[in-house]
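[1] Structure here, sequence nowhere to be found:
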């Protein structure tokens, strides 16, 4: 039986957007947004180049049945959604890999704003530089977790008939990954291992999916997705504080 509160998780991203406007957090929001603009422009260009080739390959695998070939518009739509979901999380992966030291400190500042308590005794730019190796390793762990599952879903998406549900599976997987991606920042600040974090989120999967779903949707919307990353970091920290206090 799934546990958690879906609607409590659902409201955390909105709270994150409110938090990023606070004066004490703005600097660590502006810098990643500038990086995100450059990254998204490059990612959009390369994904658009490969989209037509992927559709042509998938259509070439279909049996030569007139009625099936006439549904090519549906396959364009389904593959378009899958590509959009891949691009959304691909953007998140690259943006977080580069901005992870900023986001870890942004999460610390957010938790202090919410609780009034320091997460660590050190802070500032020195702490950001010191945490770069650990932050990068956490991002690599998430990529290692993500890639084999993403490849499996991508292969299933190329199989006729099965691909009719692949977009739904991709979206559910992306929602889970968004929760795992962003709640990892406050978890890492508290030195909770990535494996333990996965188990904690799985134990209250409804709450996690409630948080991850709007993040996954927002990451698919051009321009909005430039702001969703820092907002999701703040929202995930609010999620962490609420879930931890609820379990205390």
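    Yep, that arrived. From a predicted model like this one, the values you see are computed outputs, not experimental measurements.
[2] So what's the residue count around residue 12?
    Residues contacting residue 12 under the criterion other C-beta atoms under 10 Å number 29. To be clear about C-beta, it is placed using only N, CA and C from the backbone, and glycine gets the same treatment.
[3] Ok, the one 5 residues further on next?
    Per other C-beta under 10 Å, the neighbour tally for residue 17 reads 17.
[4] Look up phi and psi at it.
    phi -60, psi -30 (degrees, to the nearest 10).
[5] Might one say that it is in contact with residue 231?
    Yes: applying C-beta atoms under 8 Å as the test, residue 17 and residue 231 come out as touching, 4.6 Å apart.
[6] what's stretch 15-25 in contact with?
    26, 29, 106, 109-110, 113, 227, 230-238 (C-beta atoms under 8 Å, 6 or more residues apart in numbering).
[7] Mind giving me the PyMOL command for buried ones among those residues?
    In PyMOL syntax, the buried subset of the contacts of stretch 15-25 is picked out as below (16 or more other C-beta atoms under 10 Å):
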select buried, resi 29+106+109+110+227+230+231+232+233+234+235+236+237+238
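[8] out of the contacts of stretch 15-25, who's nearest residue 205?
    residue 236 (15.4 Å; C-beta to C-beta).
[9] how about the closest residue to the closest one other than its chain neighbours, what does it touch?
    Counting by C-beta to C-beta, 6 or more residues apart in numbering, residue 182 is the residue found nearest to residue 236 once chain neighbours are left out, at 3.6 Å. Residue 182 sits next to 211, 215, 232, 233, 235, 236 when contact means C-beta under 8 Å, 6+ apart.
[10] Let me know the helix or strand that the fourth one is in.
    What that stands for is residue 233. Here residue 233 sits within helix 224-247, counting by DSSP states H and E.
[11] Which parts of this structure are helices?
    Assigned by DSSP state H, the chain shows helices spanning 6-10, 12-19, 27-60, 66-69, 72-115, 124-130, 132-157, 163-189, 194-203, 205-219, 224-247.
[12] For stretch 101-113, the averaged confidence score.
    Across stretch 101-113, the average pLDDT comes to 87.
[13] Quick check: pLDDT value at residue 19.
    Here, the pLDDT recorded for residue 19 equals 92.
[14] follow-up on the earlier one: as JSON lines, the contacts of residue 182 with distance to residue 200 and pLDDT would be great.
    As requested, the contacts of residue 182 are exported to JSON lines (distance: C-beta to C-beta, whole Å; pLDDT from 0 to 100):
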{"residue": "211", "distance to residue 200": "13", "pLDDT": "96"}
{"residue": "215", "distance to residue 200": "18", "pLDDT": "93"}
{"residue": "232", "distance to residue 200": "18", "pLDDT": "94"}
{"residue": "233", "distance to residue 200": "18", "pLDDT": "93"}
{"residue": "235", "distance to residue 200": "17", "pLDDT": "96"}
{"residue": "236", "distance to residue 200": "13", "pLDDT": "96"}
